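Participant: Sequence first, then the predicted structure, then my questions.
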Amino acid sequence: VQLQASGGGLVQPGGTLRLSCSASGNFFSLNVMGWYRQAPGKQRELVARINRDGRTNYAETVEGRFTISRDNAKNTVYLQMNSLKPEDTAVYYCTSAFALFSNPEYWGQGTQVTVSS
């Protein structure tokens, strides 16, 4: 499985960004696609994930501000991030897994998101 993320950057507090991740590889390993993030000095944490049926799971810290979606035909997952806060600053990683609540099996390269004025 290969995961290619894009869309990170620098944005002011309150701004928006959209991350994209294109995937290729084993069909079942792409049942669930999602995003994790790691801020400096902190552990990697779940942001959001989505299965093929559109069922989603969000971290409490982003629920209501971030929206995850996917295009199954394109094996692509998106993360629309609104009302960004400085504490959202992190490296964001695209992931894939077999089941919605299982740990990721595959990780893409990270993309940096910086929220700062």
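Facilitator: Right, received. Where do you want to start?

Participant: The residue nearest the centre of the chain: helix or strand, and which one exactly?
Facilitator: Centroid check for the chain by Cα atoms, centre = their mean gives Trp35 as the closest residue, at 2.4 Å. Remark: Trp35 resides in strand 32-38, with elements defined by DSSP states H and E.

Participant: Next, the contact list for the residue nearest to the centre of the chain, please.
Facilitator: By Cβ atoms under 8 Å, 6 or more residues apart in numbering, the contact list for Trp35 reads 19, 21, 46-49, 68, 77, 79, 92-95. Backbone N, C-alpha and C define where each C-beta goes, glycine included.

Participant: CSV please, covering those residues and showing secondary structure.
Facilitator: Formatted as CSV, these follow (DSSP: H, G, I helix; E, B strand; the rest coil):
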residue, secondary structure
Leu19, strand
Cys21, strand
Leu46, strand
Val47, strand
Ala48, strand
Arg49, strand
Ile68, strand
Val77, strand
Leu79, strand
Tyr92, strand
Tyr93, strand
Cys94, strand
Thr95, strand
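
Participant: Asn57 reaches Ala99, doesn't it?
Facilitator: No. Counting by Cβ atoms under 8 Å, Asn57 does not reach Ala99; the two are 11.0 Å apart.

Participant: These two: which is more packed in?
Facilitator: Applying other Cβ atoms under 10 Å to Asn57 and Ala99 shows that Asn57 carries more neighbours, namely 16 against 11.

Participant: partner residues bridging that one?
Facilitator: Assessed by DSSP bridges, Asn57 has beta-bridge partners Arg49.

Participant: which other helices and strands contact the strand ranked longest in the chain?
Facilitator: Counting by DSSP state E, the longest strand found in the chain is strand 106-115. For strand 106-115, the packing partners by 3 or more Cβ pairs under 8 Å, 6 or more residues apart in numbering; DSSP states H and E come out as strand 2-6, strand 9-11, strand 17-24, strand 32-38, strand 90-97.

Participant: Switch the ones you listed over to TSV; also include distance to Asn72 and mean pLDDT.
Facilitator: Shown next, in TSV, are the helices and strands packed on strand 106-115 (distance: least, Cβ to Cβ, whole Å; pLDDT from 0 to 100):
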stretch	distance to Asn72	mean pLDDT
strand 2-6	15	94
strand 9-11	27	97
strand 17-24	11	96
strand 32-38	10	97
strand 90-97	13	97
